[in-house]
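Student: the following comprises the amino acid sequence and a computationally predicted model.
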Amino acid sequence: MTQQSLEHDPYDLFRQAIVERSGEAWAVLYERYYPLLVKWSLQYGNTTQCGESAADIASWAMERAWAALTPARFARFGNVSALLAYLRSCVTAAMIDASRATAARERAYQSIELRMVASPEQIALEACFKSELWQALADLALPPDEWIVLYESYFLMLAPRDILQRHPEQYADVSVVYAIKRNLIGRLERSTALQQLYREMLR
């Protein structure tokens, strides 16, 4: 990757980040377009209503784009304008996800009183499910850098940039965190133990 391509050819920068999976190119894209995504997030009047900051929405939108934009899909985008339009759609999707998560948290808070008077059988089932979930995750035998991303993404609900700030000695840049999370999603989706737990949860 040449310095000229980073500075003067935005489309090629996207190509290197998506097709070649260049962490350097993605880091430049993040730095260059993250403020724009924050601006788009602020244009939605309900950012505070969904309980998340515009900065977090923008970060999640970039994360969504990183996970979804595969080399095969890149050919569908003929220019930078099309790619930016896709990034904007990711902001909208992140807003929707945040709103749904907020609603889910509110429902959870409303159910606290019910859980306090839950039957012994219900308490035992919940404890069993949590134990099986942790065992299924432990069986993945993740190295420390992947376990940090898993736990802080899905249990602490932190964005990749926040994980990087907490562990600067562990990851070279935010693109590394994105790449680890992308790989984790694939492993979690392929886990038969987690699939079985999910089916049992829906019963």
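Tutor: Received the coordinates, thanks. Numbers count the residues shown, from 1 in each chain.

Student: what is the neighbour count of residue 24?
Tutor: 16 (other Cβ atoms under 10 Å). Just so you know, the C-beta spots here come from the backbone N, C-alpha and C atoms, and that holds for glycine as well.

Student: tell me the helices and strands packed up against the helix or strand encompassing it.
Tutor: Taking DSSP states H and E as the criterion, residue 24 maps to helix 23-42. Using 3 or more Cβ pairs under 8 Å, 6 or more residues apart in numbering; DSSP states H and E, the elements in contact with helix 23-42 are helix 10-18, helix 54-68, helix 80-110, helix 174-190.

Student: now residue 66: how far from residue 166?
Tutor: 19 Å (Cβ to Cβ, to the nearest Å).

Student: cool, residue 61 as well?
Tutor: 21 Å.

Student: who has more neighbours out of those two?
Tutor: residue 61 (26 against 13).

Student: is it true that the more buried one touches residue 98?
Tutor: No - contact between residue 61 and residue 98 fails when scored by Cβ atoms under 8 Å: they sit 10.2 Å apart.

Student: related to what we said a few turns ago, how about the helices and strands packed on helix 23-42 in JSON lines, adding mean pLDDT and distance to residue 24?
Tutor: Formatted as JSON lines, those follow (pLDDT from 0 to 100; distance: least, Cβ to Cβ, whole Å):
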{"stretch": "helix 10-18", "mean pLDDT": "92", "distance to residue 24": "8"}
{"stretch": "helix 54-68", "mean pLDDT": "86", "distance to residue 24": "14"}
{"stretch": "helix 80-110", "mean pLDDT": "79", "distance to residue 24": "18"}
{"stretch": "helix 174-190", "mean pLDDT": "83", "distance to residue 24": "8"}
